[in-house]
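[1] quick one, fold the following:
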Amino acid sequence: MASTKLHMTANPRALADEKAFPEALRRMSLLMRVLCFLALGRPDLDDHWKSLQSEEQFEAVRSRLCSILASIITTSSVLLALSGVFVTTDSPVSYFDYTSPAPHCLLFTSLMLAMIAMFASASSMIRWLHTDRYWTQEQLKPGGYFLLSYLLSIVTPTFFVAWSLHCFIFAMLIVGFSSQSAICRVITALWMVTYIVNIGTMLMETMWKYARYRQ
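    Numbers count the residues shown, from 1 in each chain. So this is what the prediction gives:
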């Protein structure tokens, strides 16, 4: 009877310890906070840790991350196909020559980064499909290297596919501005303005959101 009573009183304590926010996750460096913001949309792990306390919330987080990774795989596949076509073929028209050294190097870099993004996304998705919330909690509790590897597994695929896309865009900009066709140069200029406006808007929104969470 005494052992049963002790077991019943120990369970709530163990449950409380499991739900308590680990002290190692409270003291994060600026780099960790930036990675956390890029990976989870917040510069801290408070909400993410709460989502690990129930199976329903954990399934929602896993579904969202797997959906993002699937989108990255699709984007990487498109970039891989486009870059592969440009790298392995000659330009069909003289006013859009993408075989010069600078664009060709950027296109080849985009091809390599797209391949890495696909591999990183697939590896991360397999990891998320075979993990559970208890294993995730145990990985996050120590902090340090384990937290870094956890956040990088989420951020790395996005990082590689973003750089692959930018290399492809820069290659097309160089080709467009080097064209002998005035129409091609005008279209390229309009495309560059649109690109700068979109990137600037995204950066401003991201900085505003990060500053709001830091307050």
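[2] any idea which residue sits dead centre in the protein?
    Residue closest to the average C-alpha location in the chain (Cα atoms, centre = their mean): Thr158, at 2.9 Å.
[3] residues in contact with that one?
    Contacts here follow Cβ atoms under 8 Å, 6 or more residues apart in numbering; on that basis Thr158 touches 38, 68, 72. All C-beta atoms are positioned from the backbone trio N, CA, C, and that covers glycine.
[4] packing partners for the helix or strand that contains the second one?
    Which is Ile68. Assigned by DSSP states H and E, Ile68 belongs to helix 55-88. With contacts defined as 3 or more Cβ pairs under 8 Å, 6 or more residues apart in numbering; DSSP states H and E, helix 55-88 has these neighbours: helix 46-51, helix 101-129, helix 133-140, helix 144-177.
[5] buried stuff in it?
    58, 61-62, 65, 68-69, 72-73, 75-76, 79-80, 82-84, 86-87 (16 or more other Cβ atoms under 10 Å).
[6] and for stretch 112-120?
    113-118, 120.
[7] and it, what's its mean pLDDT?
    Across stretch 112-120, pLDDT averages out at 94.
[8] only the C-alpha atoms, please, for that stretch, written as CSV.
    Provided in CSV are the C-alpha atoms of stretch 112-120 (Å, rounded to 0.1, in the frame of the first residue of the first chain):
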residue,chain,number,x,y,z
MET,A,112,24.8,21.9,-56.7
LEU,A,113,23.0,23.8,-54.0
ALA,A,114,19.6,22.5,-55.3
MET,A,115,21.0,18.9,-55.0
ILE,A,116,22.2,19.6,-51.4
ALA,A,117,18.8,21.1,-50.5
MET,A,118,17.0,18.1,-51.8
PHE,A,119,19.2,15.7,-49.8
ALA,A,120,19.0,17.9,-46.6
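[9] neighbouring contacts of it?
    72-73, 75-77, 79-80, 83, 156-157, 160-161, 163-164, 167.
[10] repeat that for stretch 134-152.
    Stretch 134-152 has contacts (Cβ under 8 Å, 6+ apart) with 18, 22, 24-25, 27-28, 32, 35-36, 38-40, 45, 49, 52, 58.
[11] check the separation of the first and last residues in that stretch.
    One end of stretch 134-152 sits 20 Å from the other (Cα to Cα, to the nearest Å).
[12] now do the buried residues in it.
    Buried residues in stretch 134-152, defined by neighbour count with 16+ other Cβ under 10 Å: 136-137, 140-141, 143, 147, 150-151.
[13] also stretch 157-177?
    So for stretch 157-177, counting by 16+ other Cβ under 10 Å, buried means 157-158, 160-161, 163-176.
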